[in-house]
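1. please work out how this folds:
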Amino acid sequence: MNYKNILPGNTSMEMVREQNLLFVDKTRYIAWLENGAKTNVPVFMRPRRFGKTSFTVLLNDYYDIARKASFEENFADTWIGAHKTARASSYCCLSFDFSIVSSKPGQVLSSFIEVLASGLRNFSIAYPDFGLPIGKLDPSLYSSPSDLMIKFFDHFLFASGGRVRLYVIIDEYDHFANEVLSRDKAEFRRITSTAEDNEGFIKQFYACLKAYFGGDPRRPIEKFFITGVSSVSLDSITSGFNIANDISGRKECAAMVGLTHGELSQAIDETVDFSRIHGVDKAGLIEVMERLFDGYLFSDEPCVESVFNTDMCLNYLNEVIRMGRLPDRAQDIFISADSAKLRGMMNLAEPSARDEVSNLILARKNVPAALPERLNLNQVDYFYFNGLVSLLKYLGYLSFAKGSGSAGDSVEYRCPNEVYYQIFVLYCEGRCGLVKRREINLGDMASKKADIAPLLRSVEEEISDLPDTGFAGFNEKTLQMCFNFAVRTDSSGKLRPLLEADTGGHGRADLVVMNSNPAGRNFLFELKYIPKSKRTDAAVAAKLEEAKAQIREYKAAPNIAAIPRLDCWAIVFSGDRAAAFEKA
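-> Predicted coordinates:
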């Protein structure tokens with residue numbers, strides 16, 4: 001079989017064909033956008049790495065009048081190739097990628113103008129009869145984005161005689177604004193300000209686009225497609241672009257990006273030669289990927305299927321193919337860069353809301369919330385509980401809980417998968433003050449000795465070094481964080497921690513540790529904490545018995561009973577010391 005190559009990212013249809021690339025056919029959504037969405041200004045929000053950029057490239061390839069001659073070849077064997085719409089190959093496409101706008105202090109405005117100039121330069125290359133001359137695309141000539149866009153539109157109207165329509169595609173409209181927001185809320189308010197005497201340049205830019213929207217001889221923009229992560233930026237400029245329609249929650253486009261189970265199955269068939277993969281078959285690979293990357297529900301309407309994170313899946317499959325086996329601790333590939341971004345966004349919330357949401361997510365519980373219609377940070381100083389839940393849903397840390405239903409205006413949300421849960425764990429470790437201060441080596445625990453003494457010593461050292469921060473003082477949740485941190489940062493690389501492990505109706509175990517050493521043991525820990533001021537021998541004994549009773553309940557669960565070579569430990573800490581521990 002001629003297996004296809006995987007190249008995550010924004011690949012054109014020409015590249016797909018010429019380089020034998022994997023192509024997940026999402027073209028039926030082009031027809032829905034044109035005929036079923038009932039808006040010419042759709043805004044489509046999804047978390048990072050879901051393939052939004054690839055879809056914008058697909059739209060550009062489909063509607064670009066300059067590619068009309070190659071349309072049949074490019075879209076052969078696709079759904080849209082057999083269901084061509086009336087507006088195919090009929091627009092000049094003007095595309096901007098705002099993910100490359102700098103968010104550094106003092107550079108945002110100039111970088112924004114440079115990115116606009118770059119997009120307009122590409123337009124001039126694609127449509128030399130209609131684009132601005134290169135000499136007029138020097139960013140230094142313009143003091144504001146709207147000045148540059150007005151220059152372009154006036155030239156385009158004159159050159160086209162009002163006969164040609166524009167399709168404006170804006171990818172990652174809020175990327176730079178979110179980066180600014182996570183670092184400097186005052187700066188975000190300046191660039192999105194709607195005050196009449198002090199309008200921010202973002203408001204002015206979108207107001208300019210709005211002025212040229214209409215699809216008639218004087219207003220050449222007929223269609224938009226805008227992608228982003230959250231609605232915060234558009235909500236914050238309010239009337240500057242009130243023509244936009246957020247389609248993100250409609251069931252018809254719930255799988256417009258992301259991979260359905262069927263699409264992932266087909267992608268694996270087309271790319272993975274299992275004769276070269278050791279230790280796992282297709283069913284086993286899908287099971288692992290479901291745990292890591294699945295679980296996103298983008299509509300609470302009935303019969304909506306969950307989807308996988310596209311880029312994470314494709315990068316993971318590339319690693320499987322390259323290594324010839326499943327990668328060890330694969331989630332580590334994806335989580336390191338995201339925890340800092342999450343910290344910046346969580347800092348926008350009121351502290352008690354942060355604690356409440358954090359505790360629910362860490363306990364792997366559903367989060368009930370009635371989400372606000374808008375997230376306008378020009379009107380409020382902080383996000384409160386419902387606003388924070390809304391923001392986390394946009395960022396991908398929460399998704400609709402399948403079958404949860406609703407109570408009144410409240411809907412339930414949950415963390416979708418293990419990768420995003422682990423990113424959240426890293427954020428919470430940071431809030432507790434857990435940082436790598438020393439090397440932690442749990443080699444004796446991972447070996448056939450199965451000695452947990454190094455783990456207990458490491459946790460004691462971490463607790464003694466903690467600053468006076470965290471979740472309203474040190475408690476059992478913080479103790480869990482310390483144990484998870486010690487295992488996660490173990491230099492032996494053999495141990496994988498799983499916080500709040502599901503026991504199938506028998507409660508959640510505080511920490512399960514899986515060992516990749518076939519000669520070693522796996523572990524289950526039930527943890528209890530007593531403040532030093534309340535410690536007595538009787539209190540310690542009672543907590544130890546409570547932990548042992550919970551372990552007996554966990555052992556009755558089929559999924560726990562199925563874990564081979566499992567050592568279960570009841571552990572009681574008081575202050576920064578292990579007061580009692582016993583194998584149960």
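2. for Gly262, helix, strand, or coil?
-> Using DSSP: H, G, I helix; E, B strand; the rest coil, the structure places Gly262 in helix.
3. what's the spacing between it and Lys251?
-> With distances taken as Cβ to Cβ, to the nearest Å, Gly262 is found 17 Å from Lys251. No exception for glycine: its C-beta is placed from N, CA and C like everyone else's.
4. cool, Leu377 as well?
-> According to Cβ to Cβ, Leu377 stands 29 Å off from Lys251.
5. between Gly262 and Lys251, who's got more neighbours?
-> Neighbours per residue (other Cβ atoms under 10 Å) separate Gly262 from Lys251, with Lys251 holding more: 14 against 10.
6. is that one in contact with Glu305, as I believe?
-> No. Applying Cβ atoms under 8 Å as the test, Lys251 and Glu305 come out as separate, 9.9 Å apart.
7. any shared contact partners between these two?
-> With contacts taken as Cβ atoms under 8 Å, 6 or more residues apart in numbering, Lys251 and Glu305 have no neighbour in common.
8. ok, and the closest non-adjacent residue to Ser124?
-> Gly131 (2.8 Å; Cβ to Cβ, 6 or more residues apart in numbering).
9. actually Gly507, not the one I typed
-> Excluding the flanking residues, the one nearest Gly507 by Cβ to Cβ, 6+ apart is Glu553, at 6.1 Å.
10. low pLDDT regions in the stretch 101-250 of the chain?
-> Within the stretch 101-250 of the chain, the stretches with pLDDT under 70 are 237-240.
11. quick one: the strands in it, in order.
-> 166-171, 221-228, 245-246 (DSSP state E, counting those that start in this stretch).
12. tell me the strands beside the shortest one, with direction?
-> It stands for strand 245-246. Counting by DSSP bridges, the strands paired with strand 245-246 are strand 42-45 (parallel).
13. what residues does the partner strand touch?
-> Residues from elsewhere that reach strand 42-45, judged by Cβ under 8 Å, 6+ apart: 33, 52, 173, 224-231, 234, 244-248, 253, 256, 394.
14. likewise for stretch 66-75?
-> 13-14, 17, 27, 61-62, 81, 84, 88-89, 92, 126-127.
15. give me the buried entries from these.
-> When these are checked for burial by 16 or more other Cβ atoms under 10 Å, the buried set is Met13, Arg17, Thr27, Asp61, Tyr62, Gly81, Ala88, Ser89, Cys92, Ala126, Tyr127.
16. before we move on, which element is the residue nearest to the fifth one when sequence neighbours are not counted in?
-> The shortest distance from Tyr62 to any residue other than its chain neighbours is 5.6 Å, reached at Ile30 (Cβ to Cβ, 6+ apart). Using DSSP states H and E, Ile30 sits in helix 28-35.
17. in that helix, what counts as buried?
-> In helix 28-35, counting by 16+ other Cβ under 10 Å, buried: Tyr29, Ile30, Ala31, Leu33, Glu34.
18. among those, which one sits closest to Ser458?
-> Closest approach between the buried residues of helix 28-35 and Ser458, by Cβ to Cβ: Tyr29, at 50.1 Å.
19. OK, contacts around that closest one?
-> Phe55, Cys253, Met256 are the contacts of Tyr29 under Cβ under 8 Å, 6+ apart.
20. could you report the distance from the second one to Thr85?
-> As judged by Cβ to Cβ, Cys253 and Thr85 stand 16 Å apart.
21. equivalent analysis for Ile563, please.
-> Taking Cβ to Cβ as the measure, Ile563 and Thr85 are separated by 53 Å.
22. next one: Gly106
-> Per Cβ to Cβ, Gly106 is found 45 Å from Thr85.
23. between those two, who's got more neighbours?
-> Thr85 (16 against 9).
24. is the more buried one located within a strand, as I assumed?
-> No. Thr85: not assigned to a strand; according to three-state DSSP it is coil.
25. what sits against it?
-> Contacts of Thr85 by Cβ under 8 Å, 6+ apart are Ile30, Ala31, Glu34, Asn35.
26. show the pLDDT at it.
-> Thr85 carries a pLDDT value of 98.
27. ok, back up a step: redo the strands of the stretch 101-250 of the chain as TSV? Include mean neighbour count and distance to Pro327.
-> Below are the strands of the stretch 101-250 of the chain laid out as TSV (neighbours: other Cβ atoms under 10 Å; distance: least, Cβ to Cβ, whole Å):
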stretch	mean neighbour count	distance to Pro327
strand 166-171	22	29
strand 221-228	24	29
strand 245-246	17	37
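28. would TSV of these with distance to Gln422 be doable?
-> Conversion of the strands of the stretch 101-250 of the chain to TSV gives the following (distance: least, Cβ to Cβ, whole Å):
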stretch	distance to Gln422
strand 166-171	28
strand 221-228	25
strand 245-246	29
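29. tell me which of these sits nearest to Val435.
-> strand 221-228 (32.2 Å).
30. pLDDT below threshold where in the chain?
-> If you take pLDDT under 70 as the line, the chain has these spans: 237-240, 329-337, 403-409, 468-472.
31. per-domain residue ranges of it.
-> Annotated domains of the chain cover 41-62+89-248, 261-330, 434-584 [automatic domain parsing].
32. beta partners of Leu566?
-> Asn522.
33. touching, it and Phe525? I think so.
-> No. Counting by Cβ under 8 Å, Leu566 sits too far from Phe525 to count as a contact (11.2 Å).
34. the more surrounded of the two?
-> Ranked by neighbour count (other Cβ under 10 Å), Leu566 and Phe525 place Phe525 first, with 26 against 18.
35. that's a strand at the more buried one, yeah?
-> Yes. Assessed with three-state DSSP, Phe525 lies in a strand.
36. phi and psi next, for the nearest residue to it once chain neighbours are set aside.
-> Among residues not flanking Phe525 along the chain, Leu511 sits closest, at 4.4 Å (Cβ to Cβ, 6+ apart). The phi and psi values for Leu511, taken as degrees, to the nearest 10, are phi -150, psi 130.
37. now do the contacts for Leu511.
-> Going by Cβ under 8 Å, 6+ apart, Leu511 touches Gln480, Phe483, Asn484, Val487, Pro497, Leu498, Leu499, Ala501, Phe523, Leu524, Phe525, Leu527.
38. chain neighbours aside, what residue packs nearest to the fifth one?
-> Distance criterion Cβ to Cβ, 6+ apart; nearest residue to Pro497, sequence neighbours excluded, is Val487 at 4.1 Å.
39. okay, now that neighbour: neighbour count?
-> 25.
40. state the distance from it to Asp174.
-> Going from Val487 to Asp174 by Cβ to Cβ gives 36 Å.
41. still on that earlier bit, of all the strands of the stretch 101-250 of the chain, which one is nearest Leu426?
-> Nearest to Leu426, of the strands of the stretch 101-250 of the chain and by Cβ to Cβ, is strand 221-228 at 24.3 Å.
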